[in-house]
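Participant: sharing a sequence plus its predicted fold:
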Amino acid sequence: MRPEDRRHEIVEMLVEQGSATLEALAEHFGVSKMTIHRDLDALEAEGRLRKLRGGATLESSGQFESDFRYRARMAGEEKARIARHAAGFVEPGMSVMVDDGSTSQALAPHLAAIRPLTVITNNLGLISELSGKPGIELIALGGNYASKFNGFFGVLTETALRDLRADMALLSSSAVSGRSAFHQDQEVLGVKRAMIASAARRYLMVDHQKFGRTALHLLADLEDFDGVVTSDALERARAEALRQDGIRLHFAEGD
């Protein structure tokens, strides 16, 4: 097996399992642990995984964001409820910006039902699901494609956003600490900030597991959003503290 094929399969295994040990990977592929070490080094350099002592993981950290497919498997039902609640702010005739992310992609069936609607997005999954839907004017933002995020980023994307104005932006973030939202990746951050600057109203969508975490780059203060949409799984004490600080919280309740 070629190294690039083996490395592709390693990532696929981690998407399914979350993590794996050196021993397990070496046995699975029938190669030495040193060969797996080199594979993991190469994949970490590409930002595809995070090395641990004795193995690798796709679990996020302050400097590493996981593959979008792995994130889509985490808290999937909660993200679906958050997306449904956030879509409730959207009205026919609006223009809406939507960023990358698994929660953002979960908006697709709800946005498709709101017609007419203009959707502006760099999220390839959302582009695929909304393309050809009746009543949906889809503005697909180009740029550099990042497979890890399944979206488009970079100067071209940000320049296009600066030339657009929308009624609303529905955004996601990988970490919320204190009264601020954070993200690990600088290019992803640039697109999210451009959407914030180009939208009249902004809502942040975050599942309860993102609270109490931090990441390398500051995205925005929570007070910069018209509302933060999360679920009723958020700790009551944390929610109360945010409300006392003037943060507008919206809760997606369980079915």
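Facilitator: Great, that's in hand.
Participant: tell me how many other residues surround residue 209.
Facilitator: Neighbour count of residue 209, defined by other CB atoms under 10 Å: 16. Yep, even glycine has a C-beta here, placed from its N, CA and C like the rest.
Participant: swap in residue 178?
Facilitator: Counted by other CB under 10 Å, the residues lying close to residue 178 total 14.
Participant: what do you get for the one 3 residues further on?
Facilitator: Summarising burial for residue 181: neighbours were counted as other CB under 10 Å, giving 27.
Participant: and it, that's in a strand?
Facilitator: Yes - for residue 181, which was evaluated using DSSP: H, G, I helix; E, B strand; the rest coil, the result is membership in a strand.
Participant: wait, it sits on residue 172?
Facilitator: No - contact criterion CB atoms under 8 Å: residue 181 and residue 172 do not qualify, at 9.2 Å.
Participant: scan the chain for its longest helix.
Facilitator: Longest helix in the chain by number of residues, with DSSP state H as the criterion: helix 3-17.
Participant: list the buried residues of it.
Facilitator: Applying a neighbour-count criterion of 16 or more other CB atoms under 10 Å, one finds 6, 7, 10, 11, 13, 14, 15 buried in helix 3-17.
Participant: relative to residue 214, which of the residues you listed is nearest.
Facilitator: Distance from residue 214 was checked for each of the buried residues of helix 3-17 by CB to CB. The minimum falls on residue 14, at 23.3 Å.
Participant: quick one: the residue nearest the centre of the chain from residue 16, how far?
Facilitator: Taking CA atoms, centre = their mean, the centroid of the chain lies closest to residue 101, which sits 2.5 Å from it. In this structure, residue 101 and residue 16 are separated by 20 Å, where distance is defined by CB to CB, to the nearest Å.
Participant: residue 128 now?
Facilitator: Counting by CB to CB - residue 128 and residue 16 are separated by 22 Å.
Participant: and residue 170, by the same measure?
Facilitator: Computed as CB to CB, the residue 170 to residue 16 distance reads 29 Å.
Participant: wait, what's in contact with the residue nearest to the residue nearest to the centre of the chain when sequence neighbours are not counted?
Facilitator: For residue 101, ignoring the flanking residues on the chain, the nearest one in space by CB to CB, 6 or more residues apart in numbering is residue 172 at 3.7 Å. Remark: with contacts taken as CB atoms under 8 Å, 6 or more residues apart in numbering, residue 172 is in contact with 99, 100, 101, 102, 103, 104, 204, 205, 206.
Participant: mind checking which of those residues are in strands?
Facilitator: Judged by DSSP state E, the subset of the contacts of residue 172 located in strands is 204, 205.
Participant: lowest-pLDDT helix or strand in the chain?
Facilitator: Every helix and strand of the chain was ranked by mean pLDDT, DSSP states H and E. The lowest is helix 68-73, at a mean of 64.
Participant: buried ones in the helix or strand hosting residue 82?
Facilitator: Taking DSSP states H and E as the definition, one finds residue 82 inside helix 76-87. Judged by neighbour count (16+ other CB under 10 Å), helix 76-87 contains these buried residues: 78, 79, 80, 81, 82, 83, 84, 85, 86, 87.
Participant: touching it from outside, list them.
Facilitator: The contact list for helix 76-87 (CB under 8 Å, 6+ apart) reads 72, 102-104, 106-107, 110-111, 114, 170, 203, 205-208, 229-231, 233, 250-255.
Participant: now that helix - C-alpha only, PDB.
Facilitator: What follows is helix 76-87, C-alpha atoms only, in PDB (Å, rounded to 0.1, in the frame of the first residue of the first chain):
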ATOM      1  CA  GLY A  76     -25.700  15.200  16.300                       C
ATOM      2  CA  GLU A  77     -29.200  15.300  17.700                       C
ATOM      3  CA  GLU A  78     -28.400  18.400  19.800                       C
ATOM      4  CA  LYS A  79     -26.900  20.200  16.800                       C
ATOM      5  CA  ALA A  80     -30.000  19.300  14.800                       C
ATOM      6  CA  ARG A  81     -32.200  20.900  17.400                       C
ATOM      7  CA  ILE A  82     -30.000  24.000  17.600                       C
ATOM      8  CA  ALA A  83     -30.100  24.400  13.800                       C
ATOM      9  CA  ARG A  84     -33.900  24.000  13.800                       C
ATOM     10  CA  HIS A  85     -34.300  26.700  16.500                       C
ATOM     11  CA  ALA A  86     -31.900  29.100  14.800                       C
ATOM     12  CA  ALA A  87     -33.700  28.700  11.500                       C
END
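Participant: kind regards, and thank you for your time.
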